[in-house]
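Undergrad: I would like the atomic coordinates for the input below:
(chains A, B, C and D)
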Number of protein chains: 2
Amino acid sequence: MIDHRIRLHGLRAFAAAACHMNFTRAAEDLGVSQSAVSHQIQQLERHVDTQLFHRRNRKLALTEAGHVLLSEVQKGFSHFTRGLDDLEALKASGAVVVDVTPRFALKWLAPRLRDFSHRFPAITLKYRQSTKTTDFATSDADVSIEWHLVEPPDRTSHLLVSARFSPICSPDLLSGAHPLRVPSDIRNHTLLYERDGTTWSKWFEVAGCPDLTPAEGVAIDDGNIRVQAAINGQGIDLGSLELLTDELASGRLVQPFDTILDAGGYYLTYPAKALDQPRPRLFIQWLLREAGL
Amino acid sequence: MIDHRIRLHGLRAFAAAACHMNFTRAAEDLGVSQSAVSHQIQQLERHVDTQLFHRRNRKLALTEAGHVLLSEVQKGFSHFTRGLDDLEALKASGAVVVDVTPRFALKWLAPRLRDFSHRFPAITLKYRQSTKTTDFATSDADVSIEWHLVEPPDRTSHLLVSARFSPICSPDLLSGAHPLRVPSDIRNHTLLYERDGTTWSKWFEVAGCPDLTPAEGVAIDDGNIRVQAAINGQGIDLGSLELLTDELASGRLVQPFDTILDAGGYYLTYPAKALDQPRPRLFIQWLLREAGL
DNA sequence: TACAACCATGAGTCAGACTCATGATCGCAG
DNA sequence: CTGCGATCATGAGTCTGACTCATGGTTGTA
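TA: From the prediction side, this is the model:
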């Protein structure tokens, strides 16, 4: 479990020397004498039986082996630094700003937040409802959870929950003037949709009635409001089943058709810099653990 | 540059204790007494001013802070181990098996191999021409470089060179019985293509003649042979310009039309385990550096 | 109830990290 | 081409802090 080849003091001296390319300045940085650095590095070189520096007169240069070792050693120390930063973040209070789609916030995130605030009492989560893609260049959000059809390119992202869409509605709509028996029955009802209705079109295709044009449509961006409208019998929503288990189990909503559209999912995305900040990093790691990743 | 908060011995003792969840066994592992581990960890806890373990009677448990710290500390030490593994790999000879598309191998990889073998004389590169997607579950290849239209999902991959396709042919074809002046002139010539001709179809679309069906086609998987055939005037190849600079500069080949199809690129891909093996890891890092990533 | 399996503690020891003083090398300014 | 300054190396000696030892305390278990 423990790698006995690791000479901790040697590696630290090596990292310092390589980063300054100068034993004397490395020694100052480490708070020891130049001689100490020289000794440590020589010991290390003997230990790994490999020259790490070319000593050329008044100039140091890393050997190929030195380069190779340095790249890993630097990563190693920066993890230590991160770990200590994390510990400090656990003590000092601070916030993480998260953009989330309303439905995901209510049904997935909120139930888990108790665990988060229990684990990290000093970290406040500021979560903001957002149905658009966050542009981290202009937004002050640290991370964002968004629905996407495919993994968004050009940014770090992780699929938290994949989305399986199917129409859902009040059980009242199953009977009544225009009962829902086959997908084409939808034509007589009001559709609830998000911004453009492209996801509905996709579902119609999968359901085998690509040309269906329903009587009416109401655009509501906020998924929670859409679901409430569906419960009230004001129309049929196309919702992702993962976030509707409560409503379906209680019978407030029903899923009239078996046809399911697999359409992307809810992605955690964040800018590269989020991983360098302790609190966003801790939140991201926690999220991934919660999602089983 | 140097993080003076890092207590090297403390972190090592902590990592060992956390990994065994037992000070006594950690001590054995470290080759010191139980008392030493206890002292080190107490010192560390005082230093970061945070409890890292719950001491419950005969059982240890990490605190939340302990978990947070451990995750980074383990990563840190594993980088040190990797670094030392790399040094050993530099000394003992061994091979890396690489699947590469023939054209990329000849025009991009081969010219750079001198640098690689100069840097890593002990590492032999076994490169094998392959025009298919390598399945690492069955192949013994360590890494593979493949042409893909889009970033391949479900595997680690990096775009080394993006591909810009355009027809290329011998200058002889510009004159002669059926001179190439506009894209539709291609109809009178032989097409050289790889496996299916879908890339050609895509180029025809971009060039504004989607329905063009040329007289004849010859399927040649090996890009180098296809290029040679083109040089010999045996047909028109659709090649990626990045790998044709020599032939175009010397005039052995010409690019008759400006229309360019941006179609994916050459991707480095490898299984997760490749990063745990020193030699594949070194090769991958070198490749990414060569590609400017 | 005795034992075994733990971790904690305080005093003392000791290895190895560090210092000091000095040497060697070489670029550079005059 | 000479002397100075900037560097790293070296060997002997010092000293700190990591480690050991012996022991105590707690608790689960047979």
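Undergrad: Chain neighbours aside, what residue packs nearest to the residue in the stretch 151-293 of chain A positioned nearest to DNA strand D?
TA: Distances between the stretch 151-293 of chain A and DNA strand D by C-beta to the nearest atom of the strand are smallest at A:Pro278, namely 25.6 Å. (Each C-beta comes from the backbone N, C-alpha and C, glycine too.) Among residues not flanking A:Pro278 along the chain, A:Ala89 sits closest, at 3.5 Å (C-beta to C-beta, 6 or more residues apart in numbering or on different chains).
Undergrad: Report the contact partners of the one you found.
TA: A:Ala122, A:Ile123, A:Pro278, A:Arg279, A:Leu282 (C-beta atoms under 8 Å, 6 or more residues apart in numbering or on different chains).
Undergrad: mind checking which helix or strand the fourth one is in?
TA: Taking DSSP states H and E as the definition, A:Arg279 sits inside helix A:278-290.
Undergrad: For that helix, which outside residues touch it?
TA: A:82, A:85-86, A:88-90, A:94-96, A:98, A:112, A:115-116, A:119-120, A:123, A:125, A:142-143, A:158, A:160, A:268, A:270, A:274-275, B:68, B:71.
Undergrad: Can you say which of those are buried?
TA: A:82, A:85-86, A:89-90, A:96, A:98, A:116, A:120, A:123, A:125, A:142-143, A:158, A:160, A:268, A:270, A:274, B:68, B:71 (16 or more other C-beta atoms under 10 Å in any protein chain shown).
Undergrad: Of all the residues in the helix or strand hosting A:Gln228, which ones are buried?
TA: Using DSSP H and E, A:Gln228 falls within helix A:223-231. For helix A:223-231, the neighbour count (16+ other C-beta under 10 Å) marks A:Gly223, A:Asn224, A:Arg226, A:Val227, A:Ala229, A:Ala230, A:Ile231 as buried.
Undergrad: Tabulate these in JSON lines, adding columns for pLDDT and distance to DNA strand C.
TA: Formatted as JSON lines, the buried residues of helix A:223-231 follow (pLDDT from 0 to 100; distance: C-beta to the nearest atom of the strand, whole Å):
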{"residue": "A:Gly223", "pLDDT": "91", "distance to DNA strand C": "49"}
{"residue": "A:Asn224", "pLDDT": "94", "distance to DNA strand C": "49"}
{"residue": "A:Arg226", "pLDDT": "94", "distance to DNA strand C": "54"}
{"residue": "A:Val227", "pLDDT": "92", "distance to DNA strand C": "51"}
{"residue": "A:Ala229", "pLDDT": "92", "distance to DNA strand C": "58"}
{"residue": "A:Ala230", "pLDDT": "93", "distance to DNA strand C": "56"}
{"residue": "A:Ile231", "pLDDT": "95", "distance to DNA strand C": "55"}
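Undergrad: what's the most distant pair in those residues?
TA: A:Gly223 and A:Ile231 (12.6 Å; C-beta to C-beta).
Undergrad: moving C-terminal of the one helix or strand A:Ala27 maps to, what's the next helix or strand?
TA: Assigned by DSSP H and E, A:Ala27 belongs to helix A:23-30. The element immediately downstream of helix A:23-30 (helix or strand, assigned by DSSP H and E) is helix A:34-48.
Undergrad: My read is that A:Lys202 contacts A:Leu261, right?
TA: Yes. Assessed by C-beta atoms under 8 Å, A:Lys202 is found in contact with A:Leu261 at 5.6 Å.
Undergrad: Okay, helices next: where are they in chain A?
TA: A:8-20, A:23-30, A:34-48, A:64-91, A:102-104, A:110-119, A:198-206, A:223-231, A:245-250, A:278-290 (DSSP state H).
Undergrad: Which one of these lies nearest to A:Gly217?
TA: Closest among those, using C-beta to C-beta: helix A:198-206, at 8.3 Å.
Undergrad: Pull out the buried positions in the closest one.
TA: A:Thr199, A:Trp200, A:Lys202, A:Trp203, A:Phe204, A:Val206.
Undergrad: mind checking how far stretch A:44-59 is from the chain centre?
TA: Here stretch A:44-59 is found 43 Å from its chain centre; the criterion is C-alpha atoms, centre = their mean, to the nearest Å.
Undergrad: Tell me which residues of that stretch come out buried.
TA: A:Leu44, A:Glu45, A:Val48, A:Thr50, A:Leu52, A:Phe53.
Undergrad: Bridge partners for A:Thr156, pull those for me.
TA: A:Tyr270 (DSSP bridges).
Undergrad: Quick check, the residue in the stretch 101-250 of chain A closest to DNA strand C?
TA: For the stretch 101-250 of chain A, C-beta to the nearest atom of the strand, closest residue to DNA strand C: A:Arg119, 22.7 Å.
Undergrad: Local confidence estimate at the closest residue in space to that residue that isn't next to it in sequence?
TA: Once flanking residues are discounted, A:Arg119 sits nearest to B:Glu64: 5.2 Å by C-beta to C-beta, 6+ apart. Looking at B:Glu64, its pLDDT stands at 96.
Undergrad: so how far is B:Phe23 from B:Glu64?
TA: According to C-beta to C-beta, to the nearest Å, B:Glu64 stands 20 Å off from B:Phe23.
Undergrad: Neighbour count: these two, which is higher?
TA: B:Phe23 (22 against 16; other C-beta atoms under 10 Å in any protein chain shown).
Undergrad: The more buried one contacts B:Ile41, correct?
TA: Yes. With contacts counted by C-beta under 8 Å, B:Phe23 reaches B:Ile41, the gap being 7.4 Å.
Undergrad: Now the common contact residues for those two.
TA: B:Ala17.
Undergrad: Can you tell me which of the buried residues of helix A:198-206 comes closest to A:Lys75?
TA: When the buried residues of helix A:198-206 are compared against A:Lys75 (criterion: C-beta to C-beta), the nearest one is A:Thr199, at 42.2 Å.
Undergrad: residues in contact with the closest one?
TA: A:Phe165, A:Tyr193, A:Leu238, A:Leu261, A:Ala263.
Undergrad: Could you tell me how many residues sit around the first one?
TA: Yep, that's A:Phe165 we're talking about. 22.
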